[in-house]
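J.: sequence first, predicted model second:
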Amino acid sequence: MNTSWILIIVIGVVGLLVQWKLQSVFAKYSKVLSPGGLTGAQIAQRMLNDHGIYDVQVTCIKGQLTDHYDPTKKTVNLSENVYRTNSVAATAVAAHECGHAVQHKEGYAPLRLRSALVPAVNISSKLSMFVIIIGLLVIKAFPALFWVGIAMFATVFLFSVITLPVEFNASRRALAWLQSSNSLDEAELAQAKEALTWAACTYVVAALSSLASLLYYIGLGSRD
């Protein structure tokens, strides 16, 4: 077993632990009611209004931790538990997603770059493995094909790296607004920060996983 495989396995285990911790923290703070009694949907609308954003719609979607901001449709999409409940966890998630809407309004550079990469990433994430495998099979005759696959996978890795400042910045904006708007008191703000920090850790693990996989594939090509 080479170093890359060991790294991939270690990161995979860490990823599972982070995901478990994230779900545990969100389950815990989903039971802690926010002082203002506002639901996630109401928090989101209030934060948008406070930032002068009136063209973004807050919607309810199915699933758990499926919350996201869609810059193409200008919608803050909140999972049912977040949309309808008034917990600290719901407040934190709703504010975080609105942080992306504020980024969009202000033209935050990493968000613009990530959005520009989406079409290429959608294609690369579906085809890169196929191209890499085929490239390995014919690497003696057509070595360029393998490296095309590597370049496609590198695009996916780049996307995961650019996602990091986007997510961390959205959380900072969310926490700053929750404090300035008195939506949460000091103790609950610390709880919201803990929840958002663990959520951000999943993106760090994803970036590290992509890097380990990229190094592994490059190693395969180099040996051949």
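T.: Received it, and whenever you're ready, just let me know what you need. Numbering: from 1, shown residues only.
J.: show me the helices in the protein, by range?
T.: 3-29, 40-50, 80-84, 88-106, 109-137, 143-180, 186-223 (DSSP state H).
J.: buried ones in the last one, by neighbour count?
T.: Neighbour counts using 16 or more other CB atoms under 10 Å place 188-189, 191-196, 198-214, 217-218, 220-221 of helix 186-223 among the buried residues. Using the backbone N, CA and C atoms, a C-beta is placed for each residue, glycine as well.
J.: report the central residue of this protein.
T.: In the chain, the residue lying closest to the centroid (CA atoms, centre = their mean) is Tyr203, at 5.4 Å.
J.: just the pLDDT for it.
T.: Confidence at Tyr203, expressed as pLDDT, is 96.
J.: excluding residues flanking it in the chain, which one is nearest Leu208?
T.: Distances taken as CB to CB, 6 or more residues apart in numbering place Ile11 nearest to Leu208, at 5.1 Å, with adjacent residues excluded.
J.: also Ala95?
T.: Among residues not flanking Ala95 along the chain, Ala174 sits closest, at 3.6 Å (CB to CB, 6+ apart).
J.: ok, the one you found - how many residues close by?
T.: Ala174 has 27 neighbours, counted by other CB atoms under 10 Å.
J.: show me what contacts it?
T.: The neighbours of Ala174, taking CB atoms under 8 Å, 6 or more residues apart in numbering as the test, are 47, 92, 95-96, 98-99, 192, 196.
J.: low-confidence stretches in the protein?
T.: Across the chain, residues meeting the criterion (pLDDT under 70) sit at 1-2, 222-224.
J.: against the centre of it, work out the most remote residue.
T.: Among residues of the chain, the one most distant from the C-alpha centroid is Ala141; the distance is 39.4 Å, by CA atoms, centre = their mean.
J.: now that one: phi and psi?
T.: Backbone torsions of Ala141, given as degrees, to the nearest 10, read phi -90, psi -40.
J.: let the chain start at 26 from now.
T.: Okay, residue one is now 26; in that scheme the one you just asked about reads as Ala166.
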